[in-house]
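[1] Need a 3D model of the sequence below.
(chains A, B, C and D)
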There are 2 protein chains.
Amino acid sequence: MSELQTLFDNGHQHYLPHLSVDCVIFGFHDNELKVLLLESWYTKDKVLPGGFVGQQESLIDAATRVLKERTGLNNVFLSQFEVFGDPQREQHKFSGNVLQQNGIDAAGSWLLDRFISIGYYALVEYSKVHPQPDAASTCAWWPVNDLPTMYIDHGLMITKALEKLRQSLHFQPVGLNLLPKKFTMPQLHRMYETLFGMPLDRRNFQRKIMATGIIQQLPEKVKGVAYKAPHLYQFKTRQYQKALQAGLFLL
Amino acid sequence: MSELQTLFDNGHQHYLPHLSVDCVIFGFHDNELKVLLLESWYTKDKVLPGGFVGQQESLIDAATRVLKERTGLNNVFLSQFEVFGDPQREQHKFSGNVLQQNGIDAAGSWLLDRFISIGYYALVEYSKVHPQPDAASTCAWWPVNDLPTMYIDHGLMITKALEKLRQSLHFQPVGLNLLPKKFTMPQLHRMYETLFGMPLDRRNFQRKIMATGIIQQLPEKVKGVAYKAPHLYQFKTRQYQKALQAGLFLL
DNA sequence: CCAAAAGTGTTAATATTACACCCATGA
DNA sequence: TCATGGGTGTAATATTAACACTTTTGG
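    As a prediction, this is how the structure comes out:
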């Protein structure tokens, strides 16, 4: 029996019924904010990486597990941003055709039930991610400003995640999770411009961000680039974490 | 058979298993922020008003229903603020004693299972609420700064709700839901001081709040009060709603 | 007519914005 | 040596914070 058929038949013995976790995984690359999407066996539309919650598993552990499966990353910044529980949201989730084509007998399966999905967004370092498609799906980055057609309400989920992320920018430092350990000021600047979706004066930006005390200039500079070599910077982890807790106004 | 015994036995036929909704209901009175708490049949500790989610009911509808049951109010401002799903959170929720005393046979009941609770907070007009205890519990207001011992994680829920409410103050107007239709400037001022938990210069506050354009001074004044009679004000509903959508910076 | 609270105005301090200039680099 | 992008400074402007004064009212 296929692995999928087993999930349809016996998944309810391992997972909580009616409950799923979906992850909007944000990465920053080529001056664009991107999300990691799957092309799943059961739909032509793209889906968010998601999974179910083990009967004795905490929600954050479930989200962490999904993330680990898809990106290979541990220790990722995760934030629960909204629950999607409309009774109608998954009306036509499995077309009979697709089930037939995959040789699935879904009759009476728990997977046909209504699902409440808990949305998490993750901030990950793009270059460290090696998208891991499994047997049933492919996995790739998509720019948030140019998304493909998304499965049921997954497009809405991305919109909402982005909204919450943008709000949190005003209160919390961001970047430790999206950028490599060492980065340049222009990189950080462009990241903020992208997240806010508006231009920010680079000189004023630099002054402000340095004034927060969460960033440290390193003596080293980038080598082998055209024009003037930019300094490398890194986050001061202690101060960064403190600012995460206490809040911080930037812009 | 008692109504409670029926819930234990047959609730799973009407409600989604493992899933509940809890409401942190905020009211403002005597210059204090208060929450509505129940004293339930199954514990000496106070509990938040909560309920279950009907199999075809949306989450917001479930929360709205709970609110209606407890406060008699419709059209209440509700915001989903966090999900509480730790596997350990309800370890000792029913002591055997209490079940026995109430003549409940809970063996094998769905209510003993693990529950994931979706937290909503509500903003209501204190004076309009007529706390409605049901057969099994009493219902009363408690100051958030002087709470009684709370059931399992319900104290944490209040803390988190307050945190989110405070954050939202920076982005969204608040007060339409917490104050009576017509109110005085000192009332509004004290409400903001209470919510922010810090003193605000009353003169600067008035200028700022008026500058937002969401408030309107009325020609009438309060009658029969000591000292100078304050004007009455009211929210400009259209502008208020617009600010709710678009965001708004106050302080 | 006095004490208490409401309403309005002014000024100093601070933060934000909009710039201009110099520097380093590789082509 | 020049085009390009990185790094630093400064003046104009807007916003915020800290105040003082007048008005109204009931006792």
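
[2] Quick check: nearest residue in space to the residue in the stretch 51-200 of chain A that DNA strand C sits nearest to, chain neighbours excluded?
    Distances from the stretch 51-200 of chain A to DNA strand C, computed as C-beta to the nearest atom of the strand, single out residue A:200 as the nearest residue at 8.1 Å. C-beta here means a position set from N, CA and C on the backbone, and glycine is covered the same way. The shortest distance from residue A:200 to any non-neighbouring residue, by C-beta to C-beta, 6 or more residues apart in numbering or on different chains, is to residue A:193 (5.3 Å).

[3] pLDDT wise, what is the one you found at?
    At residue A:193 the predicted local confidence, pLDDT, stands at 94.

[4] Secondary structure element holding it?
    With secondary structure defined by DSSP states H and E, residue A:193 is part of helix A:185-196.

[5] Does anything pack onto the very next helix or strand once past that helix? Which helices or strands?
    Under the assignment DSSP H and E, the closest C-terminal helix or strand after helix A:185-196 is helix A:202-211. If you count contacts as 3 or more C-beta pairs under 8 Å, 6 or more residues apart in numbering or on different chains; DSSP states H and E, helix A:202-211 packs onto helix A:185-196.

[6] residue ranges with poor pLDDT in chain A?
    Applying pLDDT under 70 to chain A picks out residues A:1, A:92, A:133-136, A:251.

[7] domains of it?
    When chain A is parsed into structural domains using the TED database, the resulting residue ranges are A:3-170, A:183-246.

[8] isn't residue A:98 right next to residue A:40, touching?
    No: Residue A:98 sits out of contact with residue A:40 when judged by C-beta atoms under 8 Å, with a separation of 9.6 Å.

[9] Of these two, give the one with the bigger neighbour count.
    Set side by side, residue A:98 and residue A:40 give different neighbour counts by other C-beta atoms under 10 Å in any protein chain shown, the larger being at residue A:40 (20 against 16).

[10] can you tell me which residues contact the more buried one?
    Under the criterion of C-beta atoms under 8 Å, 6 or more residues apart in numbering or on different chains, the contact partners of residue A:40 comprise A:46-47, A:136-137, A:151.

[11] Recalculate using a threshold of 10 Å.
    Taking C-beta atoms under 10 Å, 6 or more residues apart in numbering or on different chains as the criterion, residue A:40 is in contact with A:46-50, A:98, A:134, A:136-139, A:151.

[12] quick one: it from DNA strand D, how far?
    For residue A:40, the distance to DNA strand D under the criterion C-beta to the nearest atom of the strand, to the nearest Å works out to 39 Å.

[13] Pull out the buried positions in the helix ranked longest in chain A.
    Within chain A, and with DSSP state H defining each element, the longest helix by residue count is helix A:154-169. Judged by neighbour count (16 or more other C-beta atoms under 10 Å in any protein chain shown), helix A:154-169 contains these buried residues: A:154-155, A:157-158, A:160-162, A:164-165, A:167-169.

[14] anything in the longest strand along chain A near chain B?
    For chain A, the strand that runs over the most residues, judged by DSSP state E, is strand A:15-29. Yes: figure legend: strand A:15-29 in contact with chain B (C-beta under 10 Å from any C-beta of the partner chain); contacting residues A:16-19, A:21.

[15] Tabulate those (TSV), appending distance to residue A:67.
    TSV is the format used below for the residues of strand A:15-29 next to chain B (distance: C-beta to C-beta, whole Å):
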residue	distance to residue A:67
A:16	19
A:17	23
A:18	22
A:19	17
A:21	10
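
[16] what's the nearest residue to residue A:223 once chain neighbours are set aside in contact with, if anything?
    Once its chain neighbours are removed from consideration, residue A:223 has its nearest residue in residue A:229; the separation is 6.7 Å (C-beta to C-beta, 6+ apart). With contacts defined as C-beta under 10 Å, 6+ apart, the neighbours of residue A:229 are A:184, A:220-223.

[17] restrict these to those near DNA strand C?
    For DNA strand C, the contacts drawn from these by C-beta under 7 Å from any atom of the strand are A:221, A:223.

[18] tell me the two of the contacts of residue A:229 that are most distant?
    Largest separation among these by C-beta to C-beta: A:184 and A:223, giving 11.9 Å.

[19] quick one, which of these two is more surrounded?
    Neighbours around residue A:184 and residue A:223, counted as other C-beta under 10 Å, are more numerous at residue A:184. The numbers are 17 against 6.

[20] Am I right that that one is in contact with residue A:233?
    Yes: at 6.8 Å, residue A:184 and residue A:233 qualify as touching, with contact defined as C-beta atoms under 10 Å.

[21] what residues does chain A put near DNA strand C?
    Taking C-beta under 7 Å from any atom of the strand as the criterion, chain A approaches DNA strand C at residues A:201, A:203-204, A:207-208, A:221, A:223-229, A:249, A:251.

[22] What distance do you get for the nearest residue to residue A:140 once chain neighbours are set aside to residue A:15?
    Among residues not flanking residue A:140 along the chain, residue A:131 sits closest, at 6.0 Å (C-beta to C-beta, 6+ apart). Counting by C-beta to C-beta, to the nearest Å, the gap between residue A:131 and residue A:15 amounts to 24 Å.

[23] And residue A:188, by the same measure?
    Computed as C-beta to C-beta, the residue A:188 to residue A:15 distance reads 40 Å.

[24] Strands of the stretch 51-200 of chain A, residue ranges please.
    Assignment of strands within the stretch 51-200 of chain A using DSSP state E, counting those that start in this stretch yields the ranges A:77-84, A:116-123, A:138-143.

[25] ok, and does the first one reach over to chain B?
    Yes: contact between strand A:77-84 and chain B is present through A:80-84 (criterion: C-beta under 10 Å from any C-beta).

[26] possible to save these as JSON lines with neighbour count and distance to residue A:74?
    Converted to JSON lines, these look like this (neighbours: other C-beta atoms under 10 Å in any protein chain shown; distance: C-beta to C-beta, whole Å):
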{"residue": "A:80", "neighbour count": "17", "distance to residue A:74": "18"}
{"residue": "A:81", "neighbour count": "20", "distance to residue A:74": "21"}
{"residue": "A:82", "neighbour count": "19", "distance to residue A:74": "24"}
{"residue": "A:83", "neighbour count": "17", "distance to residue A:74": "25"}
{"residue": "A:84", "neighbour count": "20", "distance to residue A:74": "26"}
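
[27] Return the member of these nearest to residue B:105.
    Closest approach between the residues of strand A:77-84 next to chain B and residue B:105, by C-beta to C-beta: residue A:83, at 33.0 Å.

[28] what is that closest one paired to in the beta sheet?
    Beta-bridge pairing for residue A:83 (DSSP bridges): residue A:118.

[29] what sits against residue A:154?
    Neighbour list for residue A:154: A:22, A:24, A:35, A:37-38, A:43, A:45-48, A:50, A:84, A:89, A:117, A:119, A:147 [criterion: C-beta under 10 Å, 6+ apart].

[30] could you flag which of those residues are buried?
    Of these, these count as buried by 16+ other C-beta under 10 Å: A:22, A:24, A:35, A:37-38, A:43, A:46-48, A:50, A:84, A:89, A:117, A:119, A:147.

[31] circling back: ok, now how distant is the residue nearest to residue A:140 from residue B:180?
    For residue A:131, the distance to residue B:180 equals 55 Å [C-beta to C-beta].

[32] can you list the residues of chain A near chain B?
    A:16-19, A:21, A:53-62, A:80-89, A:113-114, A:116, A:118-119, A:167-168, A:170-171, A:247, A:249.

[33] re earlier: now the angle between strand A:138-143 and the longest helix of chain A, please.
    Angular relation of helix A:154-169 and strand A:138-143 on a 0 to 180 degree scale: 50 degrees, by axes from the mean of the first three to the mean of the last three C-alpha atoms, to 10 degrees.
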